[in-house]
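[1] structure, please.
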Amino acid sequence: MTIQLSNIKIKLIIALLLLVGASTSLRAQKAALKTNIVSDALLSPNLGLEIGLAPKWTLNVAGQLNLWTVNDHKWRHWLVQPEARYWFCRRFQGHFLGLHAIGGEFNFGHIDNGLHFLGTDLRPLKDRRYEGWGAGAGIGYGYDWILNRHWNLEAEIGIGWIHARYDEYPCAVCGKKLGSGHHNYFGPTKVALNLEYVF
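    Residues are numbered from 1 along each chain as shown. Here you go, the predicted model:
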């Protein structure tokens, strides 16, 4: 009787160890917390969370919040960018394609630049302030390198369309509205170099 009980206990312990080992290995690639180093370098704090949905599918949600006004230069905005991703090999490693949406609000002004890019003229930001919202969608391609068990480095570029509506003001801090307008942008919607912690 004691021999049978010992065998049952050993089998039970082995089964529990296998179950714990399997759940640990599954958990290791179920989610990732990330930050975009490119946005961080442009003083736009951001955070992203990616969750595994299936062996080759994940849902990535990233957001930015910039509340800075420096010497009357406004570059204030918030945005959210959810993305469904298909991985060619396994999730959180290798090549992937993504379909993303984008939405947020902005308050830009008193920024001296000479940018005129793909039909979008940012030169008026030198003497004007634009406050409004934008929404759109795009597609992206990326690659994820495994650095070690918990750390990855991910690069992604996306292209898409954004529709923006805005009010125009004569300076960065004054409140007299000059008018309203809208703009359709087509071009890069995502440039990311993400440092990730994978769970």
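[2] which one is the residue nearest to the spatial centre of the chain nearest to, not counting chain neighbours?
    A centroid search over the chain (Cα atoms, centre = their mean) returns residue 62, at 3.1 Å, as the residue closest to the centre. With Cβ to Cβ, 6 or more residues apart in numbering as the criterion, residue 62 has its nearest non-adjacent residue at 3.6 Å, and that residue is residue 48. Any C-beta I mention is one placed from the backbone N, CA and C, and that applies to glycine too.
[3] also residue 144?
    residue 154 (4.4 Å).
[4] next one: residue 73
    Closest to residue 73 by Cβ to Cβ, 6+ apart is residue 110, at 5.1 Å.
[5] where's that neighbour relative to residue 132, distance?
    Counting by Cβ to Cβ, to the nearest Å, the gap from residue 110 to residue 132 is 16 Å.
[6] residue 133: neighbour count?
    Each residue near residue 133 was counted by other Cβ atoms under 10 Å, and the total is 14.
[7] and if you look at residue 196?
    22.
[8] what are the phi and psi values for it?
    phi -120, psi 140 (degrees, to the nearest 10).
[9] check contacts around the residue nearest to residue 144.
    Counting by Cβ atoms under 8 Å, 6 or more residues apart in numbering, residue 154 touches 34, 142-145, 192-194, 196.
[10] so it is in which element?
    Remark: residue 154 resides in strand 151-169, with elements defined by DSSP states H and E.
[11] buried set for that strand?
    Neighbour-count burial for strand 151-169, counted by 16 or more other Cβ atoms under 10 Å, picks out 152, 154, 156, 158, 160, 162, 164, 166, 168-169.
[12] got it, and stretch 63-79?
    64, 66, 74-75, 77, 79.
[13] please verify my assumption that residue 108 contacts residue 134.
    No: with contact defined as Cβ atoms under 8 Å, residue 108 does not count as touching residue 134 (11.1 Å).
[14] tell me how far the spatially closest residue to residue 97 that is not a sequence neighbour lies from residue 54.
    Nearest residue to residue 97 in three dimensions, chain neighbours excluded: residue 86, at 5.2 Å (Cβ to Cβ, 6+ apart). In this view, residue 86 and residue 54 are 10 Å apart by Cβ to Cβ.
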